[in-house]
Every structure is written in C-alpha cells, then in structure tokens.
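> give the three-dimensional model of this entry:
(chains A and B)
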Amino acid sequence: MTTAPDTANPATAPVLPRARSRAAEPTDIRRYTPLARAGIITALAVLAVLWLAPLFWAVVTSLKQEADTTVVPLEVVPDRGFTLQAYASVLANGNLVTWFVNSTVVTVVITVLTVALSAAAAYGFSRTRFRGRNVLFALTIAGIMVPPQILIVPLYRQMLAMGLADTYAGIILPQLVLPAMVFILKKFFDGIPHELEEAARVDGAGQLRIFLQIVLPLSRSILAAVSIFVFIHAWNNFLWPFIITSDPGLMTLPVGLVQVQSAFGVRYAQVMASAILAGLPLIVVFMLFQRQIIRGVATTGLGGT
Amino acid sequence: MSAGTVAAPGRVEQPTAPRRGPSLVGGRGGIWFVLPFMAVYAAFVLWPLLYGLGMSFFDTSLVRAESRFVGFDNYVRLFADAEVWRTLGITLLFTIGSTIPLVVIALVMALLVQTGARGQWFWRFVYFAPFLLPVATVVLIWQWLFSGDYGLLNAALTGIGLPEVGWLTDPAVGLWSVVLLTVWWTIGFNFLLYLAALQAIPAQLYEAAEIDGAGGWRRLFGITLPLLNRTTGLVVVLQVLASLKLFDQAYILFRANGGPGGSATPILQYIYDTGFTDYRLGYASAISYVFFVLIILIALVQARLSRRSEA
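The predicted structure is shown next:
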C-alpha cells in the first residue's frame, strides 16, 4: 500500500502534493545487517503477538463449550474439542440479530446523510460565494472543538421534549454533524482545478449540476475515505445510543452488548461469541477497503474515539 | 449562469495558467448547499450548546418540571466539590498515562514496519485491527483477560513466576487496566498517522545521507525523527484530546461503579452520573462547561507549545 495519490484520478493529486515527488517507500530490509534484521523481525513479531493474543484468546474461548472456559490451568485446546455451540445459542437468542439490524440501519443512514450534508456544505464553502460564508464556515470549524460528550445532557432533554427518545430518529439526528468532515472535504474541493467547472458553466450547467456531475465524481477517493470514517464512527458509537435508548428492541450492537454481559453472566463462550460477531463487520470492511482507510487516516488525521 | 459575475464584472477574462482554489466565477446559490448542514448543526450542536449553558444557571431536574434560576450557584458549588477534583485528577492521570505509550509505541511500530520487513499487509493489519472494534467488544474481551481466576493475563504472570494482579479489583491497578486496554485498542490510529508521515519523507534525503556515509542510527536520529516532529505534535494533540474524553471503556469495564474504590471514575462519568442517575441536570451542565473550558485551554497551551518547538 501507499499513501500516494491514485494516479488514475487527477483530483487526488492536489491533496497530497508531497507524495508526487518520490516518497520514501518502505526500505528494503536486506539493507540491514543480519543482526539488525533479526532484531527488527523479533520486535515486530513480539508486538504482533501482544496485539493478537487478546483476539486469539477471545476466538478460542468462543469456540469452547461453556464448561471448558473455566478450566484451570488454562488450556488452549479443550479435551472435548471445539464447537460452534456458543455462536448458535447467541444467534438463536434473537436480540443480537435485532441489534445487528438496528446498528446496520442506523449506521447506513448516518453515513449516507452525513456524507451528503457534509459534501454539499463543503461545496458551498469551497466553490461558491454568498453573504456570511466566512462566518458560517468559522462557526462550523469551531464545532470541531466541541466534545460531543458535553452535549449529552441538553441533547437528552431536547430529545425528550421532541418526543424522540427511543426512536431511530433520536439515535440518528444528533450523529449527523461532523464538522471535521466538512473541513476535510472543503480542503479537497479547494484543490480541484477550475477548467472543467468553467467549461461546464459555458455549457450552461448550474451549481447543482457542477456539484453532482463534476465535483463529486472527481472526489470519489476522498468521499470513500470520509464515508468509511463516518461508518466506523457510527457503528462503534456507544454513549449517545446508550443514553437515548432504553428499549432493547431499538438498541444498537455496542449498547446491546453491554446488556449481554449481565444477561449471560458467566457464560464466557457466549459473551466472547457475541463480542466477536459485533466486531467482525468492521474487520471485513477494513480488509476490503484497507487502502482507502489508510489514506483516510493519512489525509485527514481524524478518526475519533 | 453567467461568467464573471462576482470577481470582475467589467473585466475581460484573462487566459491564465491552470488556477486552483475557490472559483470567483459565478458562484451563486451557494447558501443552498450550506443550509441543510447548518440547519442540522444549529439544531443538534449549537442549540444544545446554548441550552446547556443556560441550564447550568438553573437548578434543573429530570423529575420535576419546573426549574429554579440559581445564578452561578452551580459553578460555585462545583469548585468546592471534592468529587469534581478527584475525577478530574483521574482523567488527567489517565491522559498522561495513556498518551505516552500511545505515542511512543505507535512510533516504534511505524518505524519497524517501515524497515520493509516482509508481510507489510500483515503487520499493518495486526496493529490496526483492534481500532476497528466497538468499545463493547473490546471491553468484553479484556474483562475476560483481566478476570482473576480464568484470566489469560494472570495465567501469563504466574507462568513466568510473577504474582497475580487484581486487574479489576485492586484500587491501585484499576485505572491502569483501563490504560492497558485503551493502548491496545486505539494505538492503530496513531500508528497509521506515523506510517503515513514516514512514507511522505522524500527518498532523496535518505539517498543523500547514505552517500555521506550515514548509518542506520544516524539516519534515524538525523533525518527521520526530526522530520516527524510535526506529526508527533499532531499525534500528541489528538491523543490528549481523545484521552481527556475517557468514558466508554471505563464505564463498561467497571459496570458503572467507577472501578475498585472509585479509582477509575473519569470526570465525564461523574457528569453522566450527576445528570442521569441523580437527575441534577443543571449541575451536570455546569461541570460540563468547566470541563469544556479546560479542554480548550489545554488545546491552546498545546498549540502554543508545538508552535514554539517548531520555531
């Protein structure tokens, strides 16, 4: 992988101009002395083991029978072998599936709307002129500093007053504003050359057509990066959905999982199976979109926890 | 849609070299692109921000409809509230304790991966993957690892002849368990920022250094690390701001009780408890605002510091 711009897409070049000149590729490990090489590989491997062990242990536990999860001393391979029983019980239980569906609906809606709102606003700020533009943009940028956590108390009251507690709308609406995304997209749009736009204008295209047919198609890579970020952010968000939902039928996965913990008590295999099922989708997304995600981090420097 | 409406109505368009940046040609109707976002922004960020500020001057409660204007009482009270200072202290301790490993280890990971060992994809994936997991997944896994009798961590410790640790029960350890979990969970993000920065360093610099006979360590300390200063500044700022907002993982790990002896209660949890358990919404808002101001102050100090170190 590389963070260099996608050369097939002329619009990506302005964002990472440095990458145009030959950037440092990963060096060739053969340049190191055999001793240094061994040290590097050992360090990489030790860190990898530390970072994999928790996941490995969770997977192993989820594949055991409940009785085997609490055997002391710990054993990796249980005498009775592995089983998918925990997954079957968890899925048969129903709630996890409901939460999965809720998370999917909520996350997809948030991603689509957030990206649409942010892209339109970024276009307005970047390519058009109107009164108050600078003031509104400054106001938007200032929003980056506001920690969402301090809004929860007034937001909760507001949602109660609007009758939106325990509704999809209540979960979704406050999550649609990510000022940082407007900023990132605006920076990108600023870098798109004008010639195409002007040609379209001569042909009589209006703002909307220029936005939809010229700017957006040129911005596919950054839109993908932003979408993936919004997706991760929304899928993993805990605090707001936790506050606004009390009906288990409306909970998202992260919120529901916390209930699992108490519901399943000491059934560790089932707890681990639920945890893994909840984490799986994003791992798959990452495998599919590794390039975009890494470029997203590189260009935006934002992810949010 | 006519050309030259805004910038230079009377002037003839000069043929110019490719221009970038905002077009000054006919940018009409822009407000309509911005309005939908601004409406949502106003409704769900700006308004609650103001509303919360207003609430902080009231003795408001979820259970009673009426609220009483109390002026600065909430603010006066919070300065005398030992729990505010205690939870703030925990938050700052967590911020320092988590930021250092989250920056240093991330840098080491990126440097190691950048050496070009085989299997780039694999290393990147392994170090970054935990960042993708929902907080609940991470906490459930670590609760299992931390558990006293069947936990992998204690088994590993006793395996190498060390005493067991009360990860979830010892007041002296509780917060550090949260640190450990957080480092494992979120380091991938900083790692990727560093990796991207490393790959943006022009290769010519290294080639030149090599011609001058600079060895691996000289290249590392002479070129790589100084060029990473900006990135380190960015990573530290983002990390401090993220760590100050500790809530989710501590809250779920200790199932709302604030950790052994309350030793892992961040200030956001105190705000949450005050607002949603005790229903003292006005007071919770007041603490929120003091915390917000503190975050801004820290960000400003950091910005000043990093500007100085760059100069």
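> drop to CA atoms for contacts and neighbour counts, all remaining ones
Noted.
> let me see the mean pLDDT of the host helix or strand of A:Ser221.
According to DSSP states H and E, A:Ser221 maps onto helix A:220-236. Taken as a whole, helix A:220-236 has a mean pLDDT of 87.
> please apply the same query to stretch B:110-127.
88.
> let me see the backbone angles for A:Arg30.
A:Arg30 has phi and psi values of phi -70, psi -10 when expressed as degrees, to the nearest 10.
> for it, give me its contacts.
With contacts taken as C-alpha atoms under 8 Å, 6 or more residues apart in numbering or on different chains, A:Arg30 has the following neighbours: A:Arg37.
> local confidence estimate at it?
According to the per-residue confidence, A:Arg30 scores 73 in pLDDT.
> do stretch A:167-187 and chain B meet?
Yes. Judged by C-alpha under 8 Å from any C-alpha of the partner chain, stretch A:167-187 comes into contact with chain B at A:173-174, A:176-177.
> name the residues that touch that stretch?
Counting by C-alpha under 8 Å, 6+ apart, stretch A:167-187 makes contact with A:15, A:106, A:109-110, A:113-115, A:118-119, A:121-123, A:125-126, A:140-141, A:143-144, A:159, A:164-165, A:222-223, A:226, A:234, A:240-241, A:244-245, A:250, A:300, A:302, B:37, B:40-41, B:44-45, all of which sit outside it.
> give the contact list for B:Trp96.
You called it Trp, but residue B:96 is Ile. B:Val240.
> just the buried members of the contacts of stretch A:167-187?
If you count burial by 16 or more other C-alpha atoms under 10 Å in any protein chain shown, the buried members of those come out as A:15, A:106, A:109-110, A:113-115, A:118-119, A:121-123, A:125-126, A:140-141, A:143, A:159, A:164-165, A:222-223, A:226, A:234, A:240-241, A:244-245, A:250, A:300, A:302, B:37, B:40-41, B:44-45.
> contact residues of the stretch 151-300 of chain B facing chain A?
Within reach of chain A by C-alpha under 8 Å from any C-alpha, the stretch 151-300 of chain B has these residues: B:152, B:155, B:184, B:186, B:189, B:192-193, B:196-204, B:216, B:242, B:245, B:248, B:252, B:268, B:272, B:275, B:281, B:284-285, B:288-289, B:292, B:296.
> which ones among the residues you listed lie within strands?
Mapping those onto strands (DSSP state E) picks out no residues; all lie outside.
> what element comes up after the longest helix belonging to chain A heading to the C-terminus?
Longest helix in chain A by number of residues (criterion: DSSP state H): helix A:95-127. The element immediately downstream of helix A:95-127 (helix or strand, assigned by DSSP H and E) is helix A:133-142.
> quick check: angle from that next one to helix A:95-127?
Between the axis of helix A:133-142 and that of helix A:95-127 there is an angle of 150 degrees, by axes from the mean of the first three to the mean of the last three C-alpha atoms, to 10 degrees.
> contacts for the helix or strand that helix A:133-142 is followed by, please.
Note on helix A:133-142: by DSSP H and E, the next helix or strand toward the C-terminus is helix A:152-161. Identification of contacts with helix A:152-161 by C-alpha under 8 Å, 6+ apart yields A:165, A:170, A:240, A:243-244, B:44, B:48-49, B:51-52, B:55, B:272, B:275, B:281, B:284-285.
> can you count the residues close to residue 212?
In the absence of a named chain, this looks at chain A. A:Leu212 sits with 12 neighbouring residues when counted by other C-alpha atoms under 10 Å in any protein chain shown.
> ah, no, chain B please
The burial metric for B:Asp212, expressed as a neighbour count using other C-alpha under 10 Å, is 9.
> if we can go back for a sec, would you list the residues of stretch A:167-187 next to chain B in CSV and tack on neighbour count?
Supplementary listing: the residues of stretch A:167-187 next to chain B in CSV, determined by neighbours: other C-alpha atoms under 10 Å in any protein chain shown:
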residue, neighbour count
A:Leu173, 20
A:Pro174, 22
A:Leu176, 24
A:Val177, 27
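> which two from those residues end up farthest apart in space?
Within the residues of stretch A:167-187 next to chain B, A:Leu173 and A:Val177 form the most distant pair, 8.3 Å apart (C-alpha to C-alpha).
> where in chain A is pLDDT low?
Scanning chain A for pLDDT under 70 picks out the ranges A:1-27, A:262-265, A:295-305.
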